[in-house]
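Requesting a structural model of the entry that follows:
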Amino acid sequence: MQKLTLILIITFALTSIKVHAQQPYKKLIPTDNISKVWGFFYGVALGETFTGSRLFPADTNIAGKSYRRYGNNGFMREDSISRKVYFLPDDSSQQEFLLYDFSLNLNDSFYFNFKTTQTSRYSNWYRLDSVYYDTITPFGRYYNYLSERRKIFRFKSNYSQYRNLPIFWVEGLGSNMTPLYSYDCFNRDTSKFNSANGCFTSLLCVVEGVDLKFQAYPDCLKILHVSVKEIFSNMNMEMYPNPANELIHLSFKGNAIKFISYEIKDINGRKIYQSNGIFSNDAIDVSSLPNGFYLLYIKDLQTKSDAYFKFMKN
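Okay, the predicted model is just below:
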């Protein structure tokens with residue numbers, strides 16, 4: 001019996017290793033010219049702020065290398081063969097930094113060293129403590145939600161005062177804390193690549209294209225500056241619910257029924273669906289859309305008045 005148990009344990013372990021080995025590498029920088037947005041919290045004792053930074057879809061060639069613009073801070077590129085992600089600050093130094101190395105093995109160390117607005121350096125050594133796969137991240141305040149199973153790296157600081165504050169990387173997603181989310185909280189300057197400078201920062205949600213890849217906060221609409229109210233409207237109406245899971249309903253003043261057309265676009269403005277015309281008391285089915293953020297354009301086919309709404313599919 002003991003021999004059989006040992007064989008089963010070994011078989012399970014080998015199977016687990018094989019499954020992990022077959023997991024394809026998930027790129028941090030998306031392909032197919034789509035954008036990516038990281039929403040995060042930063043704050044000090046005086047208050048807190050929710051903000052986001054966008055990785056733009058267009059490629060930029062710098063010194064023979066292909067980068068993507070990251071907010072107002074600089075540029076990012078990824079080598080999917082070596083599984084490394086680099087960051088190039090948008091300044092005169094033209095000095096590239098290694099942001100992530102997803103090829104690291106257990107007990108390897110990673111040195112965080114990023115230029116700040118001062119002459120000092122944000123730097124620290126972290127040792128890779130464990131590597132595993134999961135659909136739930138160990139960081140985040142609320143849901144800790146991942147859209148799919150991903151490889152997770154857990155780092156512990158080599159400095160005793162920080163050992164109880166591990167850093168987690170998630171392949172294809174980013175990390176719970178990184179200098180890339182850190183801004184000058186006291187000056188509230190989110191346009192430059194700064195050190196933490198007394199800030200606490202934490203990743204709260206990630207959207208790739210229109211897909212919600214990670215959620216650790218119940219109101220990602222607030223973080224990513226996507227209001228639940230209309231962007232523009234000259235129609236006396238409202239839409240609900242927002243966020244939506246299956247159906248969106250429209251309500252006009254006095255419960256008037258109108259003949260309308262509508263379009264659904266992604267957050268980059270690309271048209272996903274267009275109707276030829278429906279009555280306004282018919283619900284709009286969004287159940288087939290991937291989770292994420294969208295624009296709903298509505299037009300009254302009789303009066304020609306129209307409205308834009310932002311909504312979230314979850």
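
Pull out the buried positions in the helix or strand hosting residue 98.
Assigned by DSSP states H and E, residue 98 belongs to strand 97-101. Buried residues in strand 97-101, counting neighbours by 16 or more other CB atoms under 10 Å, are found at 97, 99-101. (Glycine included, C-beta is placed from N, CA and C.)

out of the residues you listed, who's nearest residue 308?
residue 99 (35.7 Å; CB to CB).

and the closest one, what pLDDT?
What the model reports as pLDDT for residue 99 is 85.

So it is in contact with residue 87, correct?
Yes: judged on CB atoms under 8 Å, residue 99 makes contact with residue 87 at a distance of 4.5 Å.

any idea where the helices of the stretch 1-150 of the chain begin and end?
Ranges of helices in the stretch 1-150 of the chain, per DSSP state H, counting those that start in this stretch, are 2-21.

so where's the stretch 201-314 of the chain shaky on pLDDT?
Residue ranges of the stretch 201-314 of the chain with pLDDT under 70: 201-202, 210, 217-234, 255, 267-270.

swap the cut-off to 50 and go again
Residue ranges of the stretch 201-314 of the chain with pLDDT under 50: 223, 225-230.

what's the spacing between residue 90 and residue 32?
Separation of residue 90 from residue 32 (CB to CB, to the nearest Å) stands at 25 Å.

give the contact list for residue 274.
For residue 274, the contacting residues are 261-264, by CB atoms under 8 Å, 6 or more residues apart in numbering.

what do you get if the cut-off is 6 Å, keeping everything else the same?
Neighbouring residues of residue 274 by CB atoms under 6 Å, 6 or more residues apart in numbering: residue 263.

Phi, psi for it please.
Main-chain dihedrals, residue 274, degrees, to the nearest 10: phi -140, psi 130.

cool, residue 104 as well?
Phi and psi for residue 104, reported as degrees, to the nearest 10, are phi -60, psi 150.

Tally up the residues packed near the nearest residue to it once chain neighbours are set aside, please.
Excluding its sequence neighbours, the residue lying closest to residue 104 (CB to CB, 6 or more residues apart in numbering) is residue 128, at 5.0 Å. Using other CB atoms under 10 Å, the number of residues around residue 128 comes to 18.

With residue 111 instead?
Residue 111, neighbours per other CB under 10 Å, totals 10.

Between residue 90 and residue 32, which has more neighbouring residues?
Using other CB under 10 Å, the more surrounded residue of residue 90 and residue 32 is residue 90, with 16 against 6.

Skip the chain neighbours and tell me the closest residue to that one.
residue 74 (4.2 Å).

list the contacts for the one you found?
When contacts are counted by CB under 6 Å, 6+ apart, residue 74 touches 87-90, 193.

Also residue 272?
Contacts for residue 272 (CB under 6 Å, 6+ apart) come out as 264, 266.

and it, that's in a helix?
No: going by DSSP: H, G, I helix; E, B strand; the rest coil, the assignment for residue 272 is strand, not a helix.

Report the separation between it and residue 295.
Applying CB to CB, the value for residue 272 to residue 295 is 9 Å.

Which of the residues in stretch 299-314 are classified as buried?
Using 16+ other CB under 10 Å as the test for burial, stretch 299-314 gives 299-300, 306-307, 309-313.

Now intersect these with the helices, please.
Among these, none falls in helices (DSSP state H).

Pick out whichever of those sits closest to residue 169.
The shortest approach to residue 169 among these belongs to residue 312, at 26.5 Å (CB to CB).

picking that back up, just the buried ones from the contacts of residue 74, in PyMOL syntax?
In PyMOL, this line selects whichever of the contacts of residue 74 come out buried by 16+ other CB under 10 Å:
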select buried, resi 87+88+89+90+193
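
Now, the contacts of residue 74 that are in strands?
Per DSSP state E, strands hold the following members of these: 87-89.

Flag the least confident of the residues you listed.
Lowest pLDDT among those: residue 89, 80.

So in terms of bridging, what pairs with it?
Following DSSP bridges, residue 89 is listed with bridge partners residue 74.
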